[in-house]
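Asker: Here's my sequence, what's the structure:
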Amino acid sequence: MKHKFIPTFLLLFVTTFILSAGDPLPSWNNEKSKNTIIQFVDQVTNKNSKHYVEPKDRIAVFDNDGTLWAEKPVYFQLFFAMDRVKEMASDKPEWKTQEPFASILKGDPKAALKGGEKAILDLIMATHSGMSSDEYTEVVRQWVKTAKHPQTQKKYIDMIYQPMFELLVYLRDNKFQTFIMSGGGIEFMRVWAEVAYGIPPQQVVGSRITMEYEFKDGKPVLIRKPKLAFLNDEGGKVVSIQNFIGKRPIFSAGNSDGDIAMSQWTTSKEGPSLAMFVHHTDAEREWAYDRNSHIGQLDKGLDVGKEKGWLFVDIKTDWRIIYPEK
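Answerer: Numbering: from 1, shown residues only. Predicted structure coming up:
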């Protein structure tokens, strides 16, 4: 399926509709995971069921990186930041000798990231701030249109998970409201989430940097500042669910230990609920990782989830395809 940036969601929706022919999740194999999801949706949407949930309370929250699209070898927003370093370097001569920027400019991202969380934060703050919100939106929009993953050579927006896209459509067809609840940047995702997933900007929640209201050339603007305002990860996701949604979800989907709190919050309320984890087990078609991964680590979540009876979706056995087929 060859498609451009703008009509991605529509083309994926049409493709899913054509393939489904009565099957709401055609890219899923007929295994336990698929059946568990369908049974849950049937229970909460059947008015004759004791587990029926009113449409206004059918809230579903999704992590993004590693849950709705790929996240290896590093988070895609970090690839964006690295590309921005190269674009901005001519105006930043000090970066030639200053880490982590120097290593990026030398083509050695591994060396740049040896600085850990501080290096990542320095990259994000330097490349995501100092401009208006509108300017930032346009920079991200242009990047998503053209940038390609260094290993797959696919555009990043083509590395969304087709089975998860189908799940989003299936839930919305059953009057669920679908929200992204991610550790990634909120403004970064809002640019393309509606195009990729059919999720509008007001239903996208992520980490935020500080913004200030100013006047520029006689017009009001929001200027992005190099300071982290809120990290939307672990317990922070639960705080954001309350602040942005105001209702506890009955469905959650994640893939890492950063999603444990969100899953606990979803399943701790009385009534029907389902917490799901995407378990990356397919080294041939994607990547295989969990406990020892530096990106998307799923360690405590495996143990807690099995104890709580959460659903673990095994990519190797549960998904017929990974990415949208062209």
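Asker: domains for the chain, by residue range?
Answerer: Domain assignment for the chain by automatic domain parsing gives 8-71+159-318, 76-146.
Asker: And the longest one, how far out from the chain middle?
Answerer: On the basis of C-alpha atoms, centre = their mean, to the nearest Å, domain 8-71+159-318 sits 7 Å off its chain's mean C-alpha point.
Asker: Give me the mean pLDDT for it.
Answerer: Average pLDDT, domain 8-71+159-318: 95.
Asker: Check the shortest one too.
Answerer: The predicted model gives domain 76-146 an average pLDDT of 96.
Asker: Name the secondary structure element that contains Ala196.
Answerer: helix 193-197 (DSSP states H and E).
Asker: next helix or strand past that helix?
Answerer: As assigned by DSSP H and E, the chain's next helix or strand after helix 193-197 is strand 204-216.
Asker: which residues touch that next one?
Answerer: Identification of contacts with strand 204-216 by C-beta atoms under 8 Å, 6 or more residues apart in numbering yields 64, 124-125, 128-129, 132-133, 179-190, 193, 220-233, 240-241, 244. Every residue, glycine included, has its C-beta placed from N, CA and C.
Asker: Now with 7 Å, please.
Answerer: Contacts with strand 204-216, where a contact means C-beta atoms under 7 Å, 6 or more residues apart in numbering, come from 128-129, 132-133, 179-186, 189-190, 193, 220-225, 227-232, 240, 244.
Asker: Which ones among those residues lie within strands?
Answerer: Residues of these located in strands (DSSP state E): 179-185, 220-225, 227-230.
Asker: Doesn't Pro150 belong to a strand?
Answerer: No. Counting by DSSP: H, G, I helix; E, B strand; the rest coil, Pro150 falls outside a strand, being coil.
Asker: ok, back up a step: let me know which of the domains of the chain is the nearest to Thr152.
Answerer: Comparison of those against Thr152 by C-beta to C-beta identifies domain 8-71+159-318 as nearest, at 6.7 Å.
Asker: in what helix or strand does Gly107 lie?
Answerer: Using DSSP H and E, no helix or strand contains Gly107.
Asker: Phi, psi for it please.
Answerer: In terms of degrees, to the nearest 10, the main-chain angles of Gly107 are phi 80, psi 30.
Asker: residues near it, how many?
Answerer: Other residues within reach of Gly107, judged by other C-beta atoms under 10 Å, total 9.
Asker: Likewise for Arg320?
Answerer: Arg320 has 13 nearby residues by other C-beta under 10 Å.
Asker: element containing Ser252, please.
Answerer: Assigned by DSSP H and E, Ser252 falls within strand 251-254.
Asker: and the next element down the chain from that strand?
Answerer: Taking DSSP H and E, what comes next after strand 251-254 is helix 260-267.
Asker: Run through who's touching that next one.
Answerer: 61, 181, 234-235, 237-238, 241, 248-252, 254, 273, 275, 300-301, 304, 308, 310.
Asker: got it, and stretch 317-326?
Answerer: For stretch 317-326, the surrounding residues in contact (C-beta under 7 Å, 6+ apart) are 1-2, 12, 27-29, 31, 33-34, 154, 158-159, 161-163, 285-286.
Asker: Filter these down to the ones in helices?
Answerer: With helices defined by DSSP state H, the entries of the contacts of stretch 317-326 inside them are Leu12, Ser33, Lys34, Gln162, Pro163.
Asker: Tell me which two of these sit farthest apart.
Answerer: Greatest spatial distance in these: Leu12 and Ser33, 20.6 Å, computed using C-beta to C-beta.
Asker: end-to-end on stretch 212-231?
Answerer: 18 Å (C-alpha to C-alpha, to the nearest Å).
Asker: Now do the buried residues in that stretch.
Answerer: Buried residues in stretch 212-231, counted by 16 or more other C-beta atoms under 10 Å: Val221, Leu222, Ile223, Arg224, Phe230.
Asker: Could you check how far the spatially most central residue of the chain is from Lys145?
Answerer: In the chain, the residue lying closest to the centroid (C-alpha atoms, centre = their mean) is Asn64, at 1.2 Å. Relative to Lys145, Asn64 is positioned 19 Å away (C-beta to C-beta, to the nearest Å).
Asker: What are the neighbouring residues in contact with Lys72?
Answerer: Trp287, Ile295.
Asker: Which helix or strand contains it?
Answerer: Secondary structure from DSSP H and E places Lys72 outside every helix and strand.
Asker: Next: Val313.
Answerer: Assigned by DSSP H and E, Val313 falls in strand 311-314.
Asker: Against which helices or strands is that strand packed?
Answerer: helix 32-45, strand 274-279 (3 or more C-beta pairs under 7 Å, 6 or more residues apart in numbering; DSSP states H and E).
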